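[1] need coordinates for the below:
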Amino acid sequence: MDALIEAIKAFIFGVVEGITEWLPISSTGHMMLLNQFLPLNVSEAFYDTFLVVIQLGAIMAVIMLYFHKLNPFSVRKSDFERKETWGIWAKVVIGSIPAATIGFLLDDWMEEHVTNNPQVAYVVVSLALIIYGVIFILLERRNRKKLAAAQFHVMGSMSIPHDRIRAKDDPELRGRHAKRGDSHVMWVDAASNDAADIEPAEQDSSNAFAKINTFDEMSYKTAFLIGIFQSLAIIPGTSRSGSTIIGSMLLGTSRTIATEFAFFLAIPIMFGWSLLKFIRHGFAYTGIEWMIFAIGIITAFVVSVLAIKFLIGYIKQNDFTAFGFYRIGLGFVVLVYFGLKALGLF
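    Here you go, the predicted structure:
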């Protein structure tokens, strides 16, 4: 019976991990609350390791979903496409350097003075949730103004058309609607009034104003700077994906590129961190503890697949404002709950 109860708890932890690891809402804050109401009956050392190792399931979801895009050896790719893939990996490696360095230097200190110090941890987590939530809201408010300006510019530049232009005949125009938000664009022959409607596709509206809409357009310097933002995730409550997405968008990427780069940067960081935790804490676990690992990892993998697909689809039609408000609300919940608990009110 005890094993069954722990198995159910591990499943729930896997569900929460699979959702919160990729949505920019902080897995740490959710795990803190979950552990208050549904604590695993394990040692503190095992629990700390479990929270990291369970991420292996989440990262395997990224590898599966993006296997073709990240596979430089695919026989289905041209030489140019393989070169592009190697370029993505080079930027992932460069972007991982800041987080790997800072994590190696500060992980023990952060774990001792913040993560494992309840009186400090809940304050840090709640403030990080709220501050990053405000940043998301302000950032997307700025982006909406940029989108409106970009759409106005497009419509203005098309007010006096010249020659008849059909997107299907001109390769330079194919796909250009992606930079015009959700609007239909009509290219008109002034003499005949004949028109070709460029149908809108499910495209990221931030392409209209972003400077970086493909990984080819991302420089190695930008990848390194994004990595610095990712390293801020060592602060509990910031969210690794949230830090990376904010940094990417501030540096000019579209929402889709920001989100996908956050996924890709997670591969070396999360694998490395999980391996480090295993090495530090050893492999001497009980049968129940290995069961908890297995259930948590498998559940996190399945749920992560669904969460990643949801997020990529969501940002094609929406921005991150809703996540900002959610973070602020969760931050206040964490602050109030642990504050009242610290005062001994329950």
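[2] where does the stretch 101-250 of the chain dip in pLDDT?
    153-202 (pLDDT under 70).
[3] can you pull out the strands in it?
    Counting by DSSP state E, counting those that start in this stretch, the stretch 101-250 of the chain has strands at residues 185-188, 195-198.
[4] so which residue is dead centre in this structure?
    Residue closest to the average C-alpha location in the chain (Cα atoms, centre = their mean): Ser241, at 3.4 Å.
[5] just checking, it touches Leu23?
    Yes - with contact defined as Cβ atoms under 8 Å, Ser241 counts as touching Leu23 (7.2 Å). Any C-beta I mention is one placed from the backbone N, CA and C, and that applies to glycine too.
[6] what about the residue lying closest to the residue nearest to the centre of the chain once chain neighbours are set aside, how many residues nearby?
    For Ser241, ignoring the flanking residues on the chain, the nearest one in space by Cβ to Cβ, 6 or more residues apart in numbering is Ala262 at 4.5 Å. Neighbours of Ala262 under the rule other Cβ atoms under 10 Å: 28.
[7] what helix or strand does Ala262 sit in?
    With elements taken from DSSP states H and E, the one containing Ala262 is helix 255-281.
[8] average pLDDT for that helix?
    For helix 255-281, mean pLDDT rounds to 88.
[9] ok now it, how far from the chain's centre?
    Chain-centre distance of helix 255-281: 11 Å, with Cα atoms, centre = their mean, to the nearest Å.
[10] what helices or strands is it leaning on?
    In terms of contacts (3 or more Cβ pairs under 8 Å, 6 or more residues apart in numbering; DSSP states H and E), helix 255-281 is packed against helix 44-53, helix 55-65, helix 79-110, helix 220-231, helix 240-250, helix 287-317.
[11] next, the angle from it to helix 287-317.
    170 degrees (axes from the mean of the first three to the mean of the last three Cα atoms, to 10 degrees).
[12] quick check: angle from helix 255-281 to helix 55-65?
    140 degrees.
[13] which of the residues in helix 255-281 are buried?
    255-270, 273-274, 277, 281 (16 or more other Cβ atoms under 10 Å).
[14] for stretch 123-143, same thing?
    Quick answer for stretch 123-143 (16+ other Cβ under 10 Å): 123-130, 132-133, 135-137, 139-140, 143.
[15] could I get the contacting residues of Pro268?
    Counting by Cβ atoms under 8 Å, 6 or more residues apart in numbering, Pro268 makes contact with 92-93, 96, 100.
[16] buried subset of these?
    92, 96, 100.
[17] how near is Leu251 to Val62?
    21 Å (Cβ to Cβ, to the nearest Å).
[18] and Gly227, by the same measure?
    17 Å.
[19] looking at these two, which is more packed in?
    Set Gly227 next to Val62 and count neighbours by other Cβ under 10 Å: Gly227 wins out with 26 against 23.
[20] shouldn't that one be in contact with Ser96?
    Yes - under the criterion of Cβ under 8 Å, Gly227 makes contact with Ser96 at 6.1 Å.
[21] chain neighbours aside, what residue packs nearest to Thr238?
    Nearest to Thr238 is Ala128, by Cβ to Cβ, 6+ apart, at 4.6 Å.
[22] what comes up buried for stretch 222-233?
    222-223, 225-227, 229-233.
[23] CSV please, covering these and showing distance to Leu330.
    Converted to CSV, the buried residues of stretch 222-233 look like this (distance: Cβ to Cβ, whole Å):
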residue, distance to Leu330
Thr222, 30
Ala223, 30
Leu225, 28
Ile226, 25
Gly227, 26
Phe229, 21
Gln230, 21
Ser231, 23
Leu232, 18
Ala233, 17
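[24] wait, which of those is closest to Gly247?
    Each of those was scored against Gly247 by Cβ to Cβ, and Phe229 proved nearest at 2.5 Å.
[25] check contacts around the closest one.
    Counting by Cβ under 8 Å, 6+ apart, Phe229 has contacts 243-244, 246-248, 250.
[26] mind doing that once more with 7 Å?
    243-244, 246-247 (Cβ atoms under 7 Å, 6 or more residues apart in numbering).
[27] Ile12 contacts Leu38, doesn't it?
    Yes - with contacts counted by Cβ atoms under 7 Å, Ile12 reaches Leu38, the gap being 6.2 Å.
[28] and Pro236, backbone torsions?
    phi -60, psi 130 (degrees, to the nearest 10).
[29] could you check how far it is from Gly57?
    Pro236 is 21 Å from Gly57, by Cβ to Cβ.
[30] one more: Ala307?
    Taken as Cβ to Cβ, the span from Ala307 to Gly57 is 12 Å.
[31] neighbour-wise, which of these two wins?
    Neighbours of Ala307 and Gly57, each counted by other Cβ under 10 Å, are more numerous for Gly57; the result is 25 against 21.
[32] what about the more buried one, distance to Val15?
    11 Å.
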